[in-house]
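> I would like to see how this sequence folds:
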Amino acid sequence: MSETLYPSSTGALAEAHKQLAPEQHDAFQTFSRKVFANGALATKTKQLIAVAVAHVTQCPYCIRGHTKAAMHEGATRNELMEAIWVAAEMRAGAAYAHSVLTLDEMEKEPFR
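The predicted structure follows:
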């Protein structure tokens, strides 16, 4: 028997979300449709952003879902990989940028 860390997202699980909190579920679905609709940014661009963010937040369901959605909107493999590299740079960049907090604290304490 093979177990994975994350169970597959199934229709039954999606239905459980809806049954347990129908108003919140419906509001989230409406919000999601509005967010990903064409606007100042095309839906494809929004889905590429979502793929990048999903990699930073490390949500496997979001990675799979938004990758599929981006491809459905015409995103290429190269565009998807570039979006992922942008996410990787931003995550690494955030670690580097936040190092100023350590540097600041080190300045407050005498060296040991």
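
> drop to CA atoms for contacts and neighbour counts, all remaining ones
Fine.

> hmm, which helix or strand of the chain has the shakiest average pLDDT?
Least confident helix or strand, the chain: helix 11-20 with a mean of 90, by mean pLDDT, DSSP states H and E.

> Please compute how far that one lies from its chain's middle.
In terms of Cα atoms, centre = their mean, to the nearest Å, the centre of helix 11-20 is set 21 Å apart from its chain centre.

> Report the buried residues of the helix or strand just after that helix.
Beyond helix 11-20 on the C-terminal side, the first helix or strand identified by DSSP states H and E is helix 22-35. For helix 22-35, the neighbour count (16 or more other Cα atoms under 10 Å) marks H25 as buried.

> what angle do helix 22-35 and helix 11-20 make?
Between helix 22-35 and helix 11-20, the angle comes out at 110 degrees (axes from the mean of the first three to the mean of the last three Cα atoms, to 10 degrees).

> Tell me the gap between helix 22-35 and the middle of its chain.
17 Å.

> same question for that helix, mean pLDDT?
For helix 22-35, mean pLDDT rounds to 96.

> likewise stretch 76-86?
98.

> what's it in contact with?
L48, I49, V51, A52, H55, T67, A70 (Cα atoms under 8 Å, 6 or more residues apart in numbering).

> Ok, stretch 46-64 next?
6, 9, 36, 66-67, 69-70, 75, 79-80, 83-88, 91.

> Can you pick out the ones from the residues you listed that are in helices?
66-67, 69-70, 79-80, 83-88, 91 (DSSP state H).

> out of the residues you listed, which one sits closest to P110?
Nearest to P110 among those, counting by Cα to Cα, is R91 at 30.5 Å.

> Where do the domain boundaries of this protein fall?
Following automatic domain parsing, one gets these domains for the chain: 9-38, 40-112.

> so which of the ones you listed is the most packed in?
domain 40-112 (a mean of 15; mean count of other Cα atoms under 10 Å).

> returning to what we had before: and the least confident helix or strand of the chain, what does it pack against?
Here helix 11-20 touches helix 22-35, going by 3 or more Cα pairs under 8 Å, 6 or more residues apart in numbering; DSSP states H and E.
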